[in-house]
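Q: Build me a model from this:
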Amino acid sequence: MSYSPGTGCVLGRPHVLGIGPVPAQVMVIGQAPNDASIQAKRPWVGTSGNTLGQWLRRLDLNEAEVYLTNAVKCPAHHKYPGQADQISYNQKKACYQWLKDEIEVVRPKVVVLLGSSATQMFFKDDSMTVSKFRAQFGWSHKVEGTVYFPLRHPSYEARNPDMFKSIVEEWAKLDDLLKLCRA
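A: Okay, the predicted model is just below:
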């Protein structure tokens, strides 16, 4: 099932809606769709999507039981060589309420925020990195009955293969949280 709070992107750009069950126990929020996602009209297509799928399977989750979406619904358009795409202020402003409405409709127990961009967008704080979140809140933070758990974006793993052990530890913490939620 796809959730659509409106008729389209207020910026008039191609966009991708979230997919998955409504309600869902787990909601995964990434940064923005890539070009492959725009073509497929679904989030999490391509290398990062494949990596995310592998991690979800390691946690005994499959896409049929997880709601997948992005913080903004159109591709990030500030591209810098060797760096992650950047979401513009206008994109954040246009999609913030859309994302909040989407979370309200999906009613997840756990929201996984993948990467600093998703974490910044949700908390409306452009300085909120995954590391800063952990320093402030620990591994997770509960807001209105929903637990928010930021992790590094799957593209981080591709850019930093030497960090694999640390990434495994992060996903193990998420697995521990999900086991508590299932109990």
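Q: so who does the spatially closest residue to residue 130 that is not a sequence neighbour touch?
A: In space, and not counting its chain neighbours, residue 130 is closest to residue 150: 4.6 Å by CB to CB, 6 or more residues apart in numbering. All C-beta spots, glycine's among them, are computed from the backbone N, C-alpha and C. Contacts for residue 150 (CB atoms under 8 Å, 6 or more residues apart in numbering) come out as 112, 113, 114, 115, 116, 118, 119, 130, 133, 134.
Q: so the first one sits in a helix?
A: No: note on residue 112: no helix contains this position according to DSSP: H, G, I helix; E, B strand; the rest coil, which reports strand.
Q: so it makes contact with residue 147?
A: No: taking CB atoms under 8 Å as the definition, residue 112 is not a contact partner of residue 147, at 9.5 Å.
Q: When the two are compared, which one has more neighbours?
A: Ranked by neighbour count (other CB atoms under 10 Å), residue 112 and residue 147 place residue 112 first, with 26 against 19.
Q: The nearest residue to residue 23 once chain neighbours are set aside: how many residues sit nearby?
A: Spatial nearest neighbour of residue 23, chain neighbours left out: residue 107 (4.2 Å); criterion: CB to CB, 6+ apart. Per other CB under 10 Å, the neighbour tally for residue 107 reads 14.
Q: Now the terminal residues of stretch 26-46, how far apart.
A: Using CA to CA, to the nearest Å, the end-to-end distance of stretch 26-46 comes to 21 Å.
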